[in-house]
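**Q** let's see this in three dimensions:
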Amino acid sequence: MIEILNGGMLSTIQDKGRIGYQRFGVPVSGPMDWYAAALANRLVGNTDDAPLLEITIIGPTILLEDSCRFALTGAAFPARLDGQTIEMNTGIEATGGNRLTIGNATSGARGYLAFCGGLVVAPQLGSVSTYTKARLGGLDGTALKAGDRIALGCTDLSHCSGQLYPSTPALDYSSSPTVRIVVEDRTDHFDRSAIDKLTSSSYHLTHASDRMGYRLEGPQLAYSSDCDGNIISEGVTLGSIQVIDRRPVILMADHQTIGGYAKIATAIRADIPLLAQLRPGDKVRFTQVTTEEAQRAYLEMRQHLEECS
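**A** This next block holds a predicted model:
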């Protein structure tokens, strides 16, 4: 069992998300940085999608009531166990009564805290992922707060194993990444200059951004002469880039299931973790790749996870 002494800025329980419910209007949710979440779970011997904590910018303080093995990945968070500095990206053993204090991220935005055996939480619609806009999942559909207590799936350290982080990181987190995109097959909603403008310009993340989507500020993208940006609502996916008022909006983990704004491109899944670590004010550029290149990039990241040993 763990007890939240201080919930930090926004700490939520996440797993792989609610797969199969988008047709009912329910977002998938799940971790913003799928790679860091999977890595944290592997470091403590869990499956990639075991329930864990997603931590945003300001970390929580947690009382570890039972012996456990845990790992912290993602953004650069200073962390202490009973006052002693601990490393990220490695499995740590703790005894009952230890206090884990995770400070403010020095770079990046989101960290992932996994425990051997995962967190034991009752699923809703097949997932424990917290979707705060509908108060769905987690403990009560909200961010964790002081006094919340969560059971652990394993407190016998003899049953806790883990893996080691590869010596060469798969990702180079940055406050100004270049994100690869696949351009929509149908681009007749936009002027011919729009793709060139998108891939040759720098945009920055505005404060009007959250787990649902990232609003970007930068050069405007022109619609075609017979389009004002509004279309008949159609399905959207993680990484879809809608253009609203001539500016790009990237759909993230809690994105809606359909949308009536024209889409110009989709950020590839391999680069979603780079986006997940951005803060308001951070910059991003885009470069176009093919679908085949996007698939290869994702498979390479999956292979990197398999190299944890």
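**Q** which pLDDT value goes with the residue most central in space within the chain?
**A** The residue lying closest to the centre of the chain (C-alpha atoms, centre = their mean) is residue 32, at 1.2 Å. The model reports residue 32 with a pLDDT of 98.
**Q** distance of it relative to residue 47?
**A** Residue 32 is 19 Å from residue 47, where distance means C-beta to C-beta, to the nearest Å. From N, CA and C alone the C-beta is placed, and that goes for glycine too.
**Q** now do residue 156
**A** Counting by C-beta to C-beta, the gap from residue 156 to residue 47 is 18 Å.
**Q** identify the residues contacting the closest residue to residue 5 other than its chain neighbours.
**A** Once flanking residues are discounted, residue 5 sits nearest to residue 61: 4.3 Å by C-beta to C-beta, 6 or more residues apart in numbering. Residue 61 is in contact with 4-6, 8, 99-102, counting by C-beta atoms under 8 Å, 6 or more residues apart in numbering.
**Q** so residue 196: helix, strand or coil?
**A** Recorded secondary structure, residue 196: helix (DSSP: H, G, I helix; E, B strand; the rest coil).
**Q** what number of residues lie near it?
**A** When neighbours are defined as other C-beta atoms under 10 Å, residue 196 has 12 of them.
**Q** where is the longest helix in the chain?
**A** Ordering each helix of the chain by length in residues (DSSP state H) puts helix 291-306 first.
**Q** so residue 72 sits in a strand?
**A** Yes. With three-state DSSP as the criterion, residue 72 is located in a strand.
**Q** count of residues packed around residue 293?
**A** 14.
**Q** what sits up against the helix or strand encompassing residue 287?
**A** Assigned by DSSP states H and E, residue 287 belongs to strand 283-288. With contacts defined as C-beta under 8 Å, 6+ apart, strand 283-288 is touched by 175-183, 195, 198-199, 201-205, 216, 265, 267, 275, 278.
**Q** then stretch 70-86?
**A** 33, 36-37, 39-40, 43-44, 55, 57, 59, 64, 88-92, 94, 98-116, 162, 173, 277.
**Q** of those, buried ones?
**A** Burial by neighbour count, 16 or more other C-beta atoms under 10 Å: within these this picks out 33, 36-37, 39-40, 43-44, 55, 57, 59, 64, 88-89, 91-92, 94, 98, 100-102, 105, 108-116, 162, 173, 277.
**Q** check the secondary structure at residue 260 for me.
**A** Judged by three-state DSSP, the three-state class of residue 260 is strand.
**Q** quick one: contacts for it?
**A** 230-234.
**Q** okay, and which of those map to helices?
**A** Of the positions in those, not one sits in helices, assigned by DSSP H.
**Q** now that we have the residues you listed, which of them are buried?
**A** Neighbour counting by 16+ other C-beta under 10 Å classes none of the contacts of residue 260 as buried.
**Q** for these, give me CSV that also has distance to residue 140 and pLDDT.
**A** Output for those, formatted as CSV (distance: C-beta to C-beta, whole Å; pLDDT from 0 to 100):
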residue, distance to residue 140, pLDDT
230, 37, 92
231, 37, 91
232, 37, 92
233, 31, 93
234, 33, 92
